[in-house]
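Structure of the sequence below:
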Amino acid sequence: LHFLSSAMRELSLQQIFALIPATVNRYLDFALDILARTLRDMPEGAIHFPSHDEIIEDNLLIRARHSWLVGGFASIDGLSLPCQEADDPEVENATYNGWKSSHFISNVLVFSPRGVIISAVLNAPGSWHDSHTSRPIYKQLRSKTPDGYYLIADSAFPRGT
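Down below sits the predicted model:
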């Protein structure tokens, strides 16, 4: 888990534990499979968009602290996670973010005021801007969000209906 939650590179694991690349890859794949199976079996680990009633409740939680945010029911933001440079030129190009001058994987997360992830786009190319990465979330908002409700976002995301 430390490897997943840090910016550590596989090379560092190889050096710390004196392992060859094939062994490190095998153990990382094994650990990621266990983590994925565990999260799939945990209802608390599921990402689901809120119902109409939950959207209203979330807006009330936000308005209790910020009364002027009438209709806001969650927040959206991007998260760029550092990744290693790939040997494949196409993958290397897709993960390179010129603005940050490094390689990243782009993710966009939507959090409810309860601290629950209610929508996400994960593992998008790091060269994509948050507003482009978020397109699946925009579709979800258009089809599942009642009129008058919206996500609270920074200026990286377009304002629209």
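
who's in contact with the lowest-mean-pLDDT helix or strand in the chain?
Scoring the helices and strands of the chain by mean pLDDT, DSSP states H and E places helix 2-5 at the bottom, with a mean of 70. The contact list for helix 2-5 (C-beta atoms under 8 Å, 6 or more residues apart in numbering) reads 8, 13, 28, 35. C-beta coordinates here come from the backbone N, C-alpha and C atoms, glycine included.

taking these one by one, which sit in helices?
Of the contacts of helix 2-5, the ones assigned to helices by DSSP state H are 13, 28, 35.

Which one of the residues you listed sits in the busiest neighbourhood?
Neighbour counts for these (other C-beta atoms under 10 Å) peak at L13, which has 18 neighbours.

shouldn't that one be in contact with I20?
No: L13 is beyond contact range of I20, at 10.9 Å (criterion: C-beta atoms under 8 Å).

For the ones in helices among the contacts of helix 2-5, give me a markdown table that also has pLDDT and distance to S134.
Putting the ones in helices among the contacts of helix 2-5 into a markdown table (pLDDT from 0 to 100; distance: C-beta to C-beta, whole Å) gives the following:
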| residue | pLDDT | distance to S134 |
| --- | --- | --- |
| L13 | 81 | 32 |
| L28 | 88 | 29 |
| L35 | 87 | 25 |
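
now the strands for this structure?
Using DSSP state E, the strands found in the chain span residues 72-82, 96-97, 102-111, 117-125, 150-152.

quick one: contacts of the last one?
Meaning strand 150-152. Residues outside strand 150-152 that contact it (C-beta under 8 Å, 6+ apart): 62, 69, 71-76, 110, 141, 157.

In CSV, list those residues along with neighbour count, distance to H52 and pLDDT.
Output for those, formatted as CSV (neighbours: other C-beta atoms under 10 Å; distance: C-beta to C-beta, whole Å; pLDDT from 0 to 100):
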residue, neighbour count, distance to H52, pLDDT
I62, 19, 16, 97
L69, 13, 18, 94
G71, 16, 13, 95
G72, 18, 15, 95
F73, 26, 10, 97
A74, 27, 14, 97
S75, 15, 19, 95
I76, 23, 19, 94
V110, 25, 16, 96
L141, 20, 13, 92
F157, 19, 23, 80
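
so which of the residues you listed comes closest to L39?
L39 lies nearest to V110 out of the contacts of strand 150-152, by C-beta to C-beta, at 17.8 Å.
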